[in-house]
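**Q** Take a look and give me a structure for this.
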Amino acid sequence: MKRIFLSIMLLSMVVAVSAQDDKDKMEDGKWYLKGVTGLNMSQTALSNWSAGGESSLAGTVYLNGTLNRKSGNWLWSNALALEYGMNKTKSQGVQKVSDKIDFTTQLGYSTNDKWYYTIMGDFKSQFYKGYKYPDREHYISKFMAPAYSNLSLGMEYRPNTIYSIYLSPLAAKFTFVEDDYLSSLGSFGLDPGDKFKAEMGAYLKTRFQKKIMENVELISTADFFTAYDKSFGNIDVNWDVMLNMKINKFLSATVNTTLKYDNDVKTIKIAEDGTEVKHGAKVQFKEMLGIGIAYNF
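**A** Have a look, this model is predicted:
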């Protein structure tokens, strides 16, 4: 498992370095705002369909953008990703299928316009309650339960507006479970009753955003963290990829994938006597394909 994650880290660096283009260097005193926002919809209607199936309606609203400014030797960078999706069927009703809040801000100082001494902070959570369907009585997540935040000091390599690689040997990861019910269960790696956990460790973040061909843009963000404790070497991973394919002025198709691994989030199984037993953490993966309205900026 560790080899897989180390391979992902290496691949991210190689892809980023191969993408360098001098014409995309940042100009002093200029704001750089770019990204994509839109609404994806899918719908299935069945009437007397002999092969079976069920009518459904699904929709996802999303935003993925960055705002950067260079002033002298200083660089201020911000990235925001928001997503919320719902699905409705007659038998299951309305279900949440995606929910994300991800914000990063950083301030860097450089003497050569490529390497920056950087302080970084981020915040990750979700908007609303999540359930392990079909169980609708016991929620398994909500806003600020969990929420994750990283504060770190390190060096960032950012030679242009396309990609960046940030490495911090001094990083603090904070986990919040601001809910009495979830806290009492000891969810998300916290001890039962606790609502906060802090870990010190090493942190790596890569970001890549570029039009890889006409009307096709790729946005990839990957975070890696390992704590300075007995679990050192177990790498927490959060890797988001968005492929935005513009069909015409109004329509676009998007592919979103998220790969996660958190060593503190254990798999829960029900034993024969009905008790819950925690097992090792597993890789989490989500993929969404949608067609809808999009605006690139």
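**Q** burial count for the residue nearest to Leu204 when sequence neighbours are not counted?
**A** What sits nearest to Leu204 in space, not counting adjacent residues and going by CB to CB, 6 or more residues apart in numbering, is Phe224, at 4.4 Å. C-beta: built from backbone N, CA, C; applies to glycine. Here the count is done by other CB atoms under 10 Å, and Phe224 has 22 residues near it.
**Q** these two touch, right, Phe224 and Asn234?
**A** No. Between Phe224 and Asn234 no contact is recorded; they are 11.0 Å apart, counting by CB atoms under 8 Å.
**Q** Overlap in contacts, the two.
**A** Counting by CB atoms under 8 Å, 6 or more residues apart in numbering, Phe224 and Asn234 have no common neighbour.
**Q** quick revisit: in its sheet, which strands sit next to whichever strand or helix holds the residue nearest to Leu204, and in what direction?
**A** Using DSSP states H and E, Phe224 maps to strand 216-227. The strands that strand 216-227 pairs with in its sheet are strand 196-213 (antiparallel), strand 236-246 (antiparallel) (by DSSP bridges).
**Q** Next, report how far that strand is displaced from the centre of its chain.
**A** 8 Å (CA atoms, centre = their mean, to the nearest Å).
**Q** Would you mind writing the CA trace of it as PDB?
**A** Extracted C-alpha coordinates of strand 216-227, given in PDB (Å, rounded to 0.1, in the frame of the first residue of the first chain):
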ATOM      1  CA  VAL A 216     -10.300  20.100 -22.700                       C
ATOM      2  CA  GLU A 217      -8.900  21.300 -19.300                       C
ATOM      3  CA  LEU A 218      -7.400  19.100 -16.600                       C
ATOM      4  CA  ILE A 219      -7.300  20.100 -12.900                       C
ATOM      5  CA  SER A 220      -5.500  17.800 -10.500                       C
ATOM      6  CA  THR A 221      -4.800  18.400  -6.800                       C
ATOM      7  CA  ALA A 222      -3.100  15.800  -4.500                       C
ATOM      8  CA  ASP A 223      -2.400  16.000  -0.800                       C
ATOM      9  CA  PHE A 224      -0.100  13.600   1.100                       C
ATOM     10  CA  PHE A 225       0.400  13.600   4.900                       C
ATOM     11  CA  THR A 226       2.300  11.300   7.300                       C
ATOM     12  CA  ALA A 227       2.400  11.800  11.000                       C
END
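**Q** What residues of it count as buried?
**A** 217-227 (16 or more other CB atoms under 10 Å).
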